[in-house]
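**Student:** What shape does this take:
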Amino acid sequence: MNSLKQALRTIPDFPKPGIQFQDIAPLLQDPIHFSNTIQALKNHHRNDSIDLIAGIESRGFIFGSALAYALGCGTVLVRKPGKLPGPIHQQSYDLEYGTDALEIQTDAIQPHQRVLLIDDVLATGGTVSAAHQLIQSHFDVQMVGATFLLEISPLNGRKRLTDLPLHSLIQIP
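**Tutor:** Predicted structure coming up:
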């Protein structure tokens, strides 16, 4: 995991002063790093009998699609408002500077499927918590857990997700 961690780039003061943005672009640009990332996620989840991976907009789509292909399961999109056609379910959530929402199509998940959430970064846990609530409140599924490339440990995102098994490949202390 050290080589994956070293592939990340820290951008100071982005998107606002005081934030140390963890840029995953260099990892995605290198085919060996990207392949190793997906292989490590596959190895961790290979015995979880996953039916669907729910990728959270937008970088969760990248990792979710590749991992779904590697595991031989389906993928579903959890998107920001106004991006999905047809009937949708929506979940609002609070941010430190306002509110936001996530949506999923009403027919995206079938009863009793085993679902894994995926995103690139676990920070405060607000987005993944909203995605979890969105799926749990509208679908009769078994949540396998949530998985991430990177976890920024000091932001305590795990505290918002105590009822969901969590996995992250890289932890930033």
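
**Student:** tell me the phi and psi of the residue nearest to residue 134 when sequence neighbours are not counted?
**Tutor:** Of all residues not flanking residue 134 in the chain, residue 91 sits nearest, at 3.7 Å (Cβ to Cβ, 6 or more residues apart in numbering). Just so you know, the C-beta spots here come from the backbone N, C-alpha and C atoms, and that holds for glycine as well. Per-residue torsions, residue 91: phi -130, psi 120 (degrees, to the nearest 10).

**Student:** Paired strands for the longest strand that the chain contains, with orientation please.
**Tutor:** Identified as the longest strand of the chain according to DSSP state E is strand 142-152. Its sheet considered, strand 142-152 pairs with strand 114-122 (parallel), strand 166-172 (parallel) by DSSP bridges.

**Student:** buried ones in that strand?
**Tutor:** Residues 143, 144, 145, 146, 147, 148, 149, 150, 151, 152 are the ones in strand 142-152 that count as buried (16 or more other Cβ atoms under 10 Å).

**Student:** Enumerate every residue touching the last one.
**Tutor:** For residue 152, the residues meeting the contact criterion (Cβ atoms under 8 Å, 6 or more residues apart in numbering) are 22, 121, 122, 123, 172.
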